[in-house]
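1. Dropping a prediction and its sequence here:
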Amino acid sequence: MEINDLALPSAPAPLDPASLAALVVQVRGPVLVPGDDGYDAERSGFQLAHRHRPAVIVGAECADDVVAAVRFARAQGLPVAVQATGHGLSTATDGGLLLSTRRMAGVRVDAAAGTARAEAGAVWGQVIEAAAPHGLAPLNGSSPGVGVIGYTLGGGVGVLARTYGFAADQVRSADLVTADGRLRHLTADTDPELFRALLGGGHGLGVVTAMEFGLAPVARLYGGQLVFGGEQVDAALTAYLDWTATVPDELTSSLALIAYPDLPQLPESLRGRYLAHLRIAYTGSAAEGERLVAPLRAVGPRVSDDLHEMPYAESHTIHRDPSDPHAYDADNALLSGLDAAALRRVAALTGPAAPAMCVVQLNHLGGAMAGPGPSAGAVGHRDARYALRLLSPLPVPGAAPGGDAADAALATVRALHAEALAAVAPWRLGRSVNFLLGAHGDRPDADEVVRSVHDAGTHRRLAALRTRHDPENLFRFHPAAASAAPSTAPVPV
């Protein structure tokens, strides 16, 4: 996902007409202001709970467009937001300049070197398609429609995570436009401090226009889902926790609990049912995969069981994430461990009797994610064993009358998520920025949310870097961490 984490809305500023006209001449992509044809479509993304309302949009087609847009914004005193797909949009920008990078969608694979280069607007499906003919795979997430760059800047917990680590660990270089309007080519040798800060802590340090990263020698997987319902759900929870203590690093998995609404557009097999989905991705042989999942199948009858050998290009069928834009809010906790009683408590709070629909996902971490990674980047809480993720759908703003109802729905969801996360408090280490979705910068506890993503030392180091590289706070982020850096200006986080 790509994310402008905890970005604050800012008051619109009047645009200088002459400067705006000069910007139109300088860039190859479209420059749009409110009222222009295409403005509404350009500002919209996958996350429908929030929608940018910028004073000006630059639809960048190349790195030079990004440089020109950043220099214009700095000269005009406009905050800058970036959007490729909008999956990770938190608080929408009100006023300012929006850099839409979706046109910068180039992907190039170097099979001999085992690397790929992706531009700012590329999505994982493009990289998977380009790498597959060479028997290679990126460290992508579960959805092929998520943006490569933002997902990687947040760390990136993917389908192959326990075997090959975080997506950020494989980055070889990054092209970054900093707040001074300078395009820098960063590697671990040319600028080790800034380069490593990007990898897991990169939001707010500038605009990444392209990245080069390593690919894994994976052409096929043994994977799919085991789905349990009814009386088997509780047993499946206990069995999954016990099982994760035994599996090798070549096996990456997650557990999802979903209380499906009784809606006619859903398949009959899902409609109105409470189900536990166990998602499996194993890089070893199918025969060994069958042996490894036997304890899970022993739980009892399954609603469905589609585990099979597949080409890596079909890895998106394991999780089956929704591909249509929708509105949602999400929170998470990175955990040092977990017991079955606490997981059952989470299930009871978020199941069919919950006041709001809540999709629960428990990712098994560890393996290659536990080490420092070849980049020695800024990914937080590498010692976590699990990530507990909570996501709830919300009404789409403006789709129905009554803003108070939308506010009430969000309040209900936030209260539900807080209660469920309280059940795992004894094991809580912090949060993953990749799974922190929604307007969390507006929360009363926004300071705690910001600080929970990294340990205190990394947080201070990132805050100081952001102040050094963006002293005017062009890439506006929540000011809660201002005390962590030697500056009274808001520090982007």
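-> Noted; the coordinates are in hand.

2. doesn't residue 295 make contact with residue 239?
-> Yes. Contact criterion CB atoms under 8 Å: residue 239 and residue 295 qualify, at 6.4 Å. The way it works is simple: take the backbone N, C-alpha and C, and place the C-beta from them, glycine included.

3. chain center to the helix or strand bottoming out on mean pLDDT in the chain: distance?
-> Sorting the helices and strands of the chain by mean pLDDT, DSSP states H and E puts helix 446-451 at the bottom, at a mean of 78. How far helix 446-451 lies from its chain's middle: 17 Å, per CA atoms, centre = their mean, to the nearest Å.

4. Which other helices and strands does the following helix or strand past it contact?
-> Following helix 446-451 in sequence order, the next helix or strand is helix 456-469 (DSSP states H and E). In terms of contacts (3 or more CB pairs under 8 Å, 6 or more residues apart in numbering; DSSP states H and E), helix 456-469 is packed against helix 192-201.

5. ok, back up a step: I'd like to know which elements the least confident helix or strand of the chain is packed against.
-> On a contact count with 3+ CB pairs under 8 Å, 6+ apart, helix 446-451 meets no helix or strand.

6. Now it: buried residues?
-> 446, 447, 449, 450, 451 (16 or more other CB atoms under 10 Å).

7. Just list the residues touching the nearest residue to residue 43 once chain neighbours are set aside, thanks.
-> Of all residues not flanking residue 43 in the chain, residue 52 sits nearest, at 4.4 Å (CB to CB, 6 or more residues apart in numbering). By CB atoms under 8 Å, 6 or more residues apart in numbering, the residues touching residue 52 are 43, 44, 45, 81, 83, 89, 92, 93, 98.

8. Over to residue 280?
-> Counting by CB under 8 Å, 6+ apart, residue 280 makes contact with 222, 223, 224, 225, 226, 251, 253, 289, 293, 307, 318.

9. What average pLDDT does stretch 222-238 get?
-> Stretch 222-238 shows a mean pLDDT of 96.

10. any low-confidence regions in the stretch 351-493 of the chain?
-> Low-confidence segments of the stretch 351-493 of the chain (pLDDT under 70): 373-375, 398-403, 441-442, 477-493.

11. and residue 239 and residue 295? which has more neighbours close in?
-> residue 239 (22 against 14; other CB atoms under 10 Å).

12. how far away is the more buried one from residue 250?
-> 20 Å (CB to CB, to the nearest Å).

13. quick one on the thing from earlier: show only the entries of the contacts of residue 52 found in helices.
-> residue 43 (DSSP state H).

14. In strands, which of the contacts of residue 52 fall?
-> If you go by DSSP state E, these have 81, 83, 98 in strands.

15. Can you tell me the closest non-neighbouring residue to the first one?
-> Leaving aside its chain neighbours, residue 81 sits nearest to residue 93 (4.0 Å; criterion: CB to CB, 6+ apart).

16. ok, the one you found - how many residues close by?
-> Burial of residue 93 is recorded as 28 neighbouring residues (other CB under 10 Å).

17. Verify the stated contact: it with residue 82.
-> No. Assessed by CB under 8 Å, residue 93 is found out of contact with residue 82, at 9.6 Å.

18. Throw the contacts of residue 52 into TSV and include pLDDT, thanks.
-> Below are the contacts of residue 52 laid out as TSV (pLDDT from 0 to 100):
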residue	pLDDT
43	90
44	87
45	85
81	91
83	91
89	71
92	69
93	78
98	94
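
19. okay, the contacts of residue 52 in JSON lines with distance to residue 466 next?
-> Shown next, in JSON lines, are the contacts of residue 52 (distance: CB to CB, whole Å):
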{"residue": "43", "distance to residue 466": "25"}
{"residue": "44", "distance to residue 466": "28"}
{"residue": "45", "distance to residue 466": "24"}
{"residue": "81", "distance to residue 466": "15"}
{"residue": "83", "distance to residue 466": "20"}
{"residue": "89", "distance to residue 466": "20"}
{"residue": "92", "distance to residue 466": "21"}
{"residue": "93", "distance to residue 466": "18"}
{"residue": "98", "distance to residue 466": "20"}
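
20. could the buried residues of helix 446-451 be laid out in CSV, adding distance to residue 160?
-> Putting those into CSV (distance: CB to CB, whole Å) gives the following:
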residue, distance to residue 160
446, 33
447, 34
449, 29
450, 29
451, 30
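
21. Which two of these have the greatest separation?
-> 446 and 451 (9.7 Å; CB to CB).

22. What helix or strand is residue 287 located in?
-> Using DSSP H and E, the element containing residue 287 is helix 286-297.

23. buried stuff in that helix?
-> Buried residues in helix 286-297 (16+ other CB under 10 Å): 286, 289, 292, 293, 296.

24. dump the residue contacts of the closest residue to residue 249 other than its chain neighbours.
-> Spatially, and ignoring its direct neighbours in sequence, residue 249 is nearest to residue 367 (3.7 Å; CB to CB, 6+ apart). For residue 367, the contact set (CB under 8 Å, 6+ apart) comprises 161, 162, 163, 165, 249, 252.

25. Adding secondary structure, write those out as TSV.
-> Output for the contacts of residue 367, formatted as TSV (DSSP: H, G, I helix; E, B strand; the rest coil):
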residue	secondary structure
161	helix
162	helix
163	helix
165	coil
249	coil
252	strand
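
26. what's the farthest-apart pair in the residues you listed?
-> 165 and 252 (10.8 Å).

27. quick revisit: list just the nearest of the ones in strands among the contacts of residue 52 to residue 347.
-> For the ones in strands among the contacts of residue 52, the minimum distance to residue 347 (CB to CB) is 34.7 Å, reached by residue 83.

28. what's around that closest one, how many residues?
-> 30.

29. Same question for residue 301.
-> Neighbours of residue 301 (other CB under 10 Å): 11.

30. ditto for the one 5 residues further on
-> Counted with other CB under 10 Å, residues neighbouring residue 306 total 14.

31. now do residue 149
-> Look at residue 149: counted by other CB under 10 Å, it has 27 neighbours.

32. And for residue 103?
-> Quick note: residue 103 (other CB under 10 Å) scores 18 neighbours.

33. quick one: contacts for it?
-> Counted by CB under 8 Å, 6+ apart, residue 103 has contacts 29, 59, 60, 61, 121.
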